[in-house]
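J.: turn this into a model:
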Amino acid sequence: MRSCLGLVALIVTTASLFACGSSPVTPPDPALPGTKIPGPETTQLLAALQRNGATADIAEIMPLSSMPFVSVPAVRVLVNAASVHVFEYATVSAADAEAARVSADGSTVGATQISWVSTPHLFRGNRLIVLYVGTDDRIIQMLASLLGPQFAGR
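T.: Next comes the predicted model:
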């Protein structure tokens with residue numbers, strides 16, 4: 001009887017979290033011990049987007065396996081309801097090395113050919129690579145103003 005009550009309490013607590021509108025953020029990949037996700041530069045980017053009038057909220061921390069062509073997990077951010085993927089590297093040189101693997105049009109990363117559902121736009125800033133796949137000029141301009149012109153994509 002006690003274990004049933006405990007299970008019911010757990011279910012009610014979990015249901016109330018979802019009912020209050022908070023969505024759980026997937027924890028960091030355990031294969032990356034000590035990794036703080038989202039990292040400080042990702043957090044700063046979200047704050048800058050918000051200061052520029054955008055809504056910017058973390059939707060999820062994606063597992064490494066979801067985008068196996070990069071070496072760090074993606075933080076999927078909803079910017080004005082559009083998905084933007086933020087990759088934060090341990091060092092600027094690691095981000096530079098990853099960016100160097102991306103073809104100019106963004107269709108290939110290393111040996112992986114990618115068929116995007118829309119137009120890819122890749123930006124670099126310090127330890128970040130930011131990927132936006134879409135056509136919203138406001139998002140593209142905002143990312144370019146914060147990170148500089150896109151280094152790959154169309």
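
J.: how about the contacts made by the residue nearest to Val70 when sequence neighbours are not counted?
T.: Excluding the flanking residues, the one nearest Val70 by CB to CB, 6 or more residues apart in numbering is Phe87, at 5.7 Å. Just so you know, the C-beta spots here come from the backbone N, C-alpha and C atoms, and that holds for glycine as well. Residues near Phe87 by CB atoms under 8 Å, 6 or more residues apart in numbering: 70, 72-75, 95, 98, 128-131.

J.: which one among those residues gets closest to Gln141?
T.: Val130 (13.3 Å; CB to CB).

J.: right, and the closest one touches Val84 too?
T.: Yes: with contacts counted by CB atoms under 8 Å, Val130 reaches Val84, the gap being 6.3 Å.

J.: report the buried residues of stretch 80-100.
T.: 82, 84-89, 95, 98-99 (16 or more other CB atoms under 10 Å).

J.: surely Met142 forms part of a helix?
T.: Yes: under DSSP: H, G, I helix; E, B strand; the rest coil, Met142 falls within a helix.

J.: around it, how many other residues sit close by?
T.: Look at Met142: counted by other CB atoms under 10 Å, it has 21 neighbours.
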